[in-house]
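J.: Let's see this in three dimensions:
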Amino acid sequence: MTDCNDFVRPVHNRMPVLLHEEDYDSWLHGSLDDVRAFQVRCFPDELMAIERTAEPWFRPRTSPSPAE
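T.: Below you'll find the model as predicted:
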């Protein structure tokens, strides 16, 4: 996770680290410093889209019914 960019800020103050395709190798095989650098970089707002839905990301767990 990283701090959000201006585009995501109206929704949340954190966001996943997003990578450009050319960053994959550094993310997967780079040094710890390489990976940490992605956390302070801000992904460009203009490359993002937000699709709001009524579907919650989290659903509370319910207890199984006696038949289960």
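J.: and Tyr24, helix, strand or coil?
T.: Secondary structure state of Tyr24, per DSSP: H, G, I helix; E, B strand; the rest coil, is helix.
J.: Can you report how many residues neighbour it?
T.: Neighbour count for Tyr24, taken as other C-beta atoms under 10 Å: 10. Yep, even glycine has a C-beta here, placed from its N, CA and C like the rest.
J.: which residue is nearest the middle of the protein?
T.: Centroid check for the chain by C-alpha atoms, centre = their mean gives Pro16 as the closest residue, at 2.1 Å.
J.: which non-adjacent residue is nearest that residue?
T.: Sequence neighbours aside, Met1 is the residue nearest to Pro16 in space, at 6.2 Å (criterion: C-beta to C-beta, 6 or more residues apart in numbering).
J.: contacting residues around Phe7?
T.: Contacts for Phe7 were tallied using C-beta atoms under 8 Å, 6 or more residues apart in numbering; they are 45, 48, 50.
J.: what residue ranges in the chain score low on pLDDT?
T.: In the prediction, the chain carries residues with pLDDT under 70 at positions 59, 63-68.
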